[in-house]
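Visitor: Sequence below, structure please.
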Amino acid sequence: MNTIKKFYPHLAVIIAFIAIALFYFSPVLQGKVIYQQDIEHYTGMAQEQIKYREATGNEAYWTNSAFGGMPTYQLGAKYPHNYVKAIDSAIRFLPRPADYLFLYFVGFYVLLISLGMKPLRSFIGALAFGFSTYLIIILGVGHNAKAHAIAYMPMVIAGVLLVFRKKYIVGGLLTLFATALEINANHYQMTYYLLFLLLVIGVYYTIDYIKNKDFKGLGIAMAIFAGAVILSIGTNATGLMATAEYTKFSTRSNSELTFKADGSAKTSSNAMTYDYITEYSYGLFESLNLVVPRLTGGANAEQLNSDSNLYRFFVGLGANPEQAKQSSESAPTYWGDQPIVAAPAYIGAVVFFLFVLGLFTEYRKIKYIFLTGTILSLFLSYGKHLPGLTDFFINYVPMYNKFRAVSSIQILLEMCVPALAILGLYSYSKAEEQEKIKALKLSGIITGGLLVILFFAKGMLSFSGANDGYFMQAYGQIGPGYVQALIEDRKAMYTADILRSFILIALAAAVLFLLAKAKIKENLALVLIGVLMVGDLVLVDRKYVNNDAFVSAYRMTHPFEESPADAQILKDKSIYRVFEVEGGLNSARTSFFHHSLGGYHAAKPRRMQELVEHQMGTGNHMTVFNMMNVKYVVQNDEEGQPVPMANNMANGNAWFVSTIKKVNTADEEMKAMDSLDSKKVAVFNQKIFADVALKDSYVVDSLATIKLTSYDPNKLVYESNNTADGVAVFSEVYYPKGWIAKIDGKETPIFSVDYVLRGISLPKGKHTVEFSFEPEVIKKGSIISLISFVLMVLVTIGALYYGTKKCKEAKGNC
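Guide: Okay, the predicted model is just below:
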């Protein structure tokens, strides 16, 4: 009974987390959902597979709704025997996005408990972590997978720390399950960044073990980690294997081309250029918005009120109050170094103050782990602004150049700073009065001094944004006045938020001073600090993500409105593609209603993207449209209404070609596309497909036909009739892994033609041709996942049995 009572405080905390998450995102209780732009794009991209799943109960691992065709591995595909996903779904039982906020809280609470903190202190720390502005804003914009992965990071760290501290059973099981859940979250960039902090922890404890000559303990820890990693990877084998396979054919892999779309030579074969990787780099000065939220203007669309200079500017031009309000509601006040920012990465002035305090009060050497993690994270987030370090990591650290938006690595800082802040607060409460006063004085000088310097540095700053020149031109005669009003508002925010942070730190210092003088009790001090810390963060968060962000559930499941042009096109029940000029190739709107050439994804099919850049990007649209069977092009008329235009030159679903243009390199393939008559000629890379023997020319009977008779995303059936042997080209994207072609039930090789399309050799006569997508990676991965999960369950049972037995032998002292 006493053992059960130990869990009562934790249960109370969990209930509180549920209540707080639901209260913060209270519209979910009314059945509403948060509007997330990235999820809107995802819904458009995944619409075909969603409809197929609903209609058949089966999973389509291929879709033709995006980029001409691609696997659905990174579009929410559901895999057999994915039992870790079932565990995750059980943990995230709250409606979205309250489920992620709840998971933030729980994950960090587990970390602080593992560090020896009591429930109240851990509860406050968990709230400070969960309400960090960066973590809230990624929920607002729809980076769900990122939020998902971040939420499990503290649990992984907690497990690793427990194992190193020889809590082998609880630490090992926590590491096993948390790592499996972390991988299952399917945001490998965040998981990759987590490895950096785990490396810091590993190096620290390995050195400590070696110093103490505890090689046995080190060996046990490493064995537990190895087992946890193997089983965690195994239970997620299908997703990992499928992603690894697709990555080789995506824009995240190196290009085969040696020249750019403009004809100039490439300087690097890297999948992503240096500029692309470092486009989102945290500014050196901008990084101080960790302490002062709107130091560099807040967001690209900041909500200003009637007290703002911009509001008064529009009123001065004759706008009525409502018009001035609307013109000031999404003001581009951000003037930092990144292209777009939805909110500052504010961790809290009080949190930062306690972090500094922890450097002076925390007596355990573990503080150096969190300090190192903070510094490493901050420096790497600077990206192109710290080129020496960034260049080294891009060029020499494995896989670092596979991810863009290097500023995202600041998530390590988002964990390390509040962790050390809470540890510092704990150590402060246990220190002697003299030590408390000294630490408080030093922390106040550092944090207060920083704010004072920033305050007096105001006159040295221009407050000019990168896009101010554009606004000058866009607003014409009123452009200079508009930009000047923006600058004045930026100055006002700068000053106001410095003073705000100063007051918050002063209040926190006052509470801690009273605690040092024994004027208030420790728990009261904790509560007061918690109110300041969490209240500060919530007030900032609500500026960017609040109840106004919620819409009806229908709005998110049907994010795009069907236009008259869509309705007209959809009357055509044949299989074809559509190109919308307005949305271009980076919109998921077309994919929601039709098969599309474009889409919205971070890892596009590489060859299709290259075809678009090198052909459509240089004006050769019709070659691409025709070979990809783009039957309709939608363009807005003079009144801005979309109008569908039929492309009568589209090649159709499949056709026979009379000439094979043989080439030996990807460069030659692409250059051959410049003047290709795709109805008659097929470009064939004979070096890659050396085992496929094709003639230079074929006789194509004028009556030869090949028609698509049945369509599913993962199965296409054609009927062909030709009087001579020939080569058939299909307006479907070539993907070498999983697609199987059969002629009258007999398998036949598929080869690539015209850079991105499929081709097969067809004997003369009438035939039934079937293409079916049967990815071997799914079959193998599912078997590995099942076996690994069974082993995971057995290990868990065995560990719990062994731990219980040891506990009984120790007479409950366990």
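
Visitor: Can you tell me the element residue 644 falls in?
Guide: Using DSSP states H and E, residue 644 maps to strand 642-646.

Visitor: Can you give me the buried ones in that strand?
Guide: Residues of strand 642-646 classed as buried: 642, 644 (neighbour count, 16 or more other Cβ atoms under 10 Å). For the C-beta atoms, the positions are set from N, CA and C on the backbone; glycine is no exception.

Visitor: Could you tell me which residues make contact with the residue nearest the centre of the chain?
Guide: For the chain, the residue nearest the mean C-alpha position is residue 146 (4.3 Å; Cα atoms, centre = their mean). Contact analysis of residue 146 by Cβ atoms under 8 Å, 6 or more residues apart in numbering lists 138, 187, 189, 190, 408.

Visitor: wait, which of the residues you listed is closest to residue 513?
Guide: Distances from the contacts of residue 146 to residue 513 were compared by Cβ to Cβ; the smallest belongs to residue 138, at 36.2 Å.

Visitor: Residue 147 is in contact with that closest one, correct?
Guide: Yes - with contact defined as Cβ atoms under 8 Å, residue 138 reaches residue 147; the gap is 5.2 Å.

Visitor: Out of the contacts of residue 146, which comes closest to residue 344?
Guide: Of all the contacts of residue 146, residue 344 sits closest to residue 138, with 13.0 Å by Cβ to Cβ.

Visitor: distance of the closest one from residue 131?
Guide: Counting by Cβ to Cβ, to the nearest Å, the separation of residue 138 from residue 131 is 13 Å.

Visitor: Neighbour count: the two, which is higher?
Guide: A direct count of neighbours by other Cβ atoms under 10 Å for residue 138 and residue 131 places residue 131 higher, at 29 against 24.

Visitor: looking at it, the more buried one is touching residue 541, isn't it?
Guide: Yes - using Cβ under 8 Å, residue 131 makes contact with residue 541 at a distance of 5.8 Å.

Visitor: any common contacting residues for those two?
Guide: Counting by Cβ under 8 Å, 6+ apart, no residue touches both residue 131 and residue 541.

Visitor: which stretches of the stretch 301-450 of the chain form helices?
Guide: For the stretch 301-450 of the chain, applying DSSP state H, counting those that start in this stretch gives helices covering 309-316, 321-328, 349-361, 367-381, 387-396, 411-430, 433-456.

Visitor: The ones you listed into JSON lines, with extra columns for distance to residue 588 and mean pLDDT?
Guide: Converted to JSON lines, the helices of the stretch 301-450 of the chain look like this (distance: least, Cβ to Cβ, whole Å; pLDDT from 0 to 100):
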{"stretch": "helix 309-316", "distance to residue 588": "33", "mean pLDDT": "88"}
{"stretch": "helix 321-328", "distance to residue 588": "28", "mean pLDDT": "84"}
{"stretch": "helix 349-361", "distance to residue 588": "37", "mean pLDDT": "95"}
{"stretch": "helix 367-381", "distance to residue 588": "29", "mean pLDDT": "95"}
{"stretch": "helix 387-396", "distance to residue 588": "30", "mean pLDDT": "93"}
{"stretch": "helix 411-430", "distance to residue 588": "26", "mean pLDDT": "94"}
{"stretch": "helix 433-456", "distance to residue 588": "41", "mean pLDDT": "94"}
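
Visitor: Compare these and give me the one nearest residue 769.
Guide: The closest of the helices of the stretch 301-450 of the chain to residue 769 is helix 387-396. By Cβ to Cβ, the value is 45.7 Å.

Visitor: Only C-alpha atoms, please: export the closest one in CSV.
Guide: Taking C-alpha atoms only, helix 387-396 is exported to CSV below (Å, rounded to 0.1, in the frame of the first residue of the first chain):
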residue,chain,number,x,y,z
PRO,A,387,30.8,29.5,-40.9
GLY,A,388,33.9,27.8,-39.5
LEU,A,389,31.9,25.5,-37.2
THR,A,390,29.0,25.1,-39.7
ASP,A,391,31.3,24.3,-42.6
PHE,A,392,33.1,21.6,-40.5
PHE,A,393,29.9,19.9,-39.6
ILE,A,394,28.5,20.1,-43.1
ASN,A,395,31.6,18.7,-44.7
TYR,A,396,32.8,16.2,-42.1
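
Visitor: how about the nearest residue to residue 447, chain neighbours excluded?
Guide: Nearest non-adjacent residue to residue 447, counting by Cβ to Cβ, 6 or more residues apart in numbering: residue 353, 4.9 Å away.

Visitor: count of neighbours near that neighbour?
Guide: Counted with other Cβ under 10 Å, the neighbours of residue 353 add up to 29.

Visitor: quick revisit: what's the closest of the contacts of residue 146 to residue 769?
Guide: Set against residue 769, the nearest of these by Cβ to Cβ is residue 187 (39.3 Å).

Visitor: any idea how far residue 782 is from residue 235?
Guide: For residue 782 relative to residue 235 (Cβ to Cβ), the value is 11 Å.

Visitor: Who has more neighbours out of those two?
Guide: Per other Cβ under 10 Å, whichever of residue 782 and residue 235 has more neighbours is residue 235, with 32 against 17.

Visitor: show me what contacts that one?
Guide: 83, 84, 180, 184, 785, 788, 789, 792.

Visitor: Residue 397 now?
Guide: Contacts of residue 397 (Cβ under 8 Å, 6+ apart): none.

Visitor: Would you map the helices across the stretch 551-700 of the chain?
Guide: Along the stretch 551-700 of the chain, counting by DSSP H, counting those that start in this stretch, helices occupy 553-557, 564-570, 589-593, 606-614, 621-627, 666-672.

Visitor: Helix or strand: which one has residue 758?
Guide: Going by DSSP H and E, residue 758 is in strand 757-762.

Visitor: Identify all contacting residues around that strand.
Guide: 627, 656, 682, 684, 692, 694, 706, 720, 722, 725-734, 739, 741, 743, 748-753, 769, 771.

Visitor: Selection in PyMOL covering whichever of those residues are buried, please.
Guide: This is how PyMOL selects the buried members of the contacts of strand 757-762, with burial counted by 16+ other Cβ under 10 Å:
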select buried, resi 627+656+682+684+692+694+706+720+722+726+727+728+729+730+731+732+733+734+739+741+743+750+751+752+753+769+771
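
Visitor: Just the ones in strands from the contacts of strand 757-762, please.
Guide: Within the contacts of strand 757-762, membership in strands is found for 656, 682, 684, 706, 720, 722, 726-733, 739, 741, 743, 748, 751-753, 769, 771, as judged by DSSP state E.

Visitor: Ignoring the adjacent residues along the chain, who's closest to the residue of the chain most remote from its centre?
Guide: Largest separation from the mean C-alpha position in the chain: residue 723, at 52.5 Å (Cα atoms, centre = their mean). If the residues on either side of it in the chain are set aside, residue 723 comes closest to residue 701, at 4.4 Å by Cβ to Cβ, 6+ apart.

Visitor: Equivalent analysis for residue 204, please.
Guide: Of all residues not flanking residue 204 in the chain, residue 369 sits nearest, at 5.5 Å (Cβ to Cβ, 6+ apart).

Visitor: That neighbour touches residue 202, doesn't it?
Guide: No - contact criterion Cβ under 8 Å: residue 369 and residue 202 do not qualify, at 10.0 Å.

Visitor: between the two, which one's more packed in?
Guide: More crowded of residue 369 and residue 202, by other Cβ under 10 Å: residue 369, with 21 against 16.

Visitor: For residue 532, see how far away the more buried one is.
Guide: From residue 369 to residue 532 the distance is 26 Å (Cβ to Cβ).

Visitor: ok, now residue 517?
Guide: Distance of residue 517 to residue 532, computed by Cβ to Cβ: 19 Å.

Visitor: Comparing those two, which residue is more hemmed in?
Guide: residue 532 (21 against 11).

Visitor: Quick check: which element contains that one?
Guide: According to DSSP H and E, residue 532 maps onto helix 522-544.

Visitor: Show me which positions of that helix end up buried.
Guide: Under the neighbour-count criterion of 16+ other Cβ under 10 Å, helix 522-544 has 522, 525-526, 528-530, 532-534, 536-537, 540-541, 543-544 buried.
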